[in-house]
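Trainee: Below are the sequence and a predicted model; questions follow.
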Amino acid sequence: MLDRERRAYLLDAITALPERLRQVVIGYFFEERSMQDIAEELGVSESRISQMRAEALVLLKDGMNSQLDPEALPVEAKPSPRVARRRAAHYAAIASGSDYRTRLSAAPTIAAPAKVSGVA
């Protein structure tokens, strides 16, 4: 049951990511695409895809911790109001992403990201 709940929060956290970060996570981890392929699709360098992947992983970890282990969230010395609002909105989106019945169901699902316009 705990594993299903964690998986559901992970999927909610992925869904709550900004679109381009979500595309990187889904492309790299779920579709097993190369960074070069994702970079070409998004029109950025492989290095930028690596940075985006790292940023997304931090957001996913913190987002899941916000629901499962709030004490594990990092405390910033002087968070900017904009960053604090963005993180709070991300955490709220995760919290509202599914209800407990969905989280505990056997097969939570994730929506595929929309393609970037102009790129096939």
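Mentor: Yep, it's here.

Trainee: List the residues that contact Ser50.
Mentor: Contacts for Ser50 (C-beta atoms under 8 Å, 6 or more residues apart in numbering) come out as Met35. From N, CA and C alone the C-beta is placed, and that goes for glycine too.

Trainee: contacts for the helix or strand of the chain with the lowest mean pLDDT?
Mentor: One helix or strand of the chain scores below all others by mean pLDDT, DSSP states H and E: helix 100-104, with a mean of 71. Defining contact as C-beta under 8 Å, 6+ apart, one finds that helix 100-104 is touched by 1, 4-5, 8-9, 108.

Trainee: again, but for stretch 65-74
Mentor: 5-6, 9, 62, 91, 94-95.

Trainee: what about 7 Å?
Mentor: Outside stretch 65-74, the residues that touch it by C-beta atoms under 7 Å, 6 or more residues apart in numbering are 6, 9, 62, 91, 94-95.

Trainee: so after the longest helix seen in the chain, what's the next helix or strand?
Mentor: Scanning the chain for the longest helix, with DSSP state H as the assignment, gives helix 46-68. With elements assigned by DSSP states H and E, the helix or strand that comes after helix 46-68 is helix 81-95.

Trainee: Kindly format the C-alpha coordinates of that next one as CSV.
Mentor: What follows is helix 81-95 as a C-alpha-only set of coordinates in CSV (Å, rounded to 0.1, in the frame of the first residue of the first chain):
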residue,chain,number,x,y,z
PRO,A,81,9.2,35.3,-2.3
ARG,A,82,8.9,34.3,-6.0
VAL,A,83,10.7,30.9,-5.4
ALA,A,84,8.7,30.3,-2.2
ARG,A,85,5.4,31.0,-4.0
ARG,A,86,6.4,28.7,-6.9
ARG,A,87,7.4,25.9,-4.6
ALA,A,88,4.2,26.3,-2.6
ALA,A,89,2.1,26.1,-5.8
HIS,A,90,4.0,23.0,-6.9
TYR,A,91,3.4,21.3,-3.5
ALA,A,92,-0.3,22.3,-3.6
ALA,A,93,-0.6,20.9,-7.2
ILE,A,94,0.8,17.6,-6.0
ALA,A,95,-1.5,17.5,-3.0
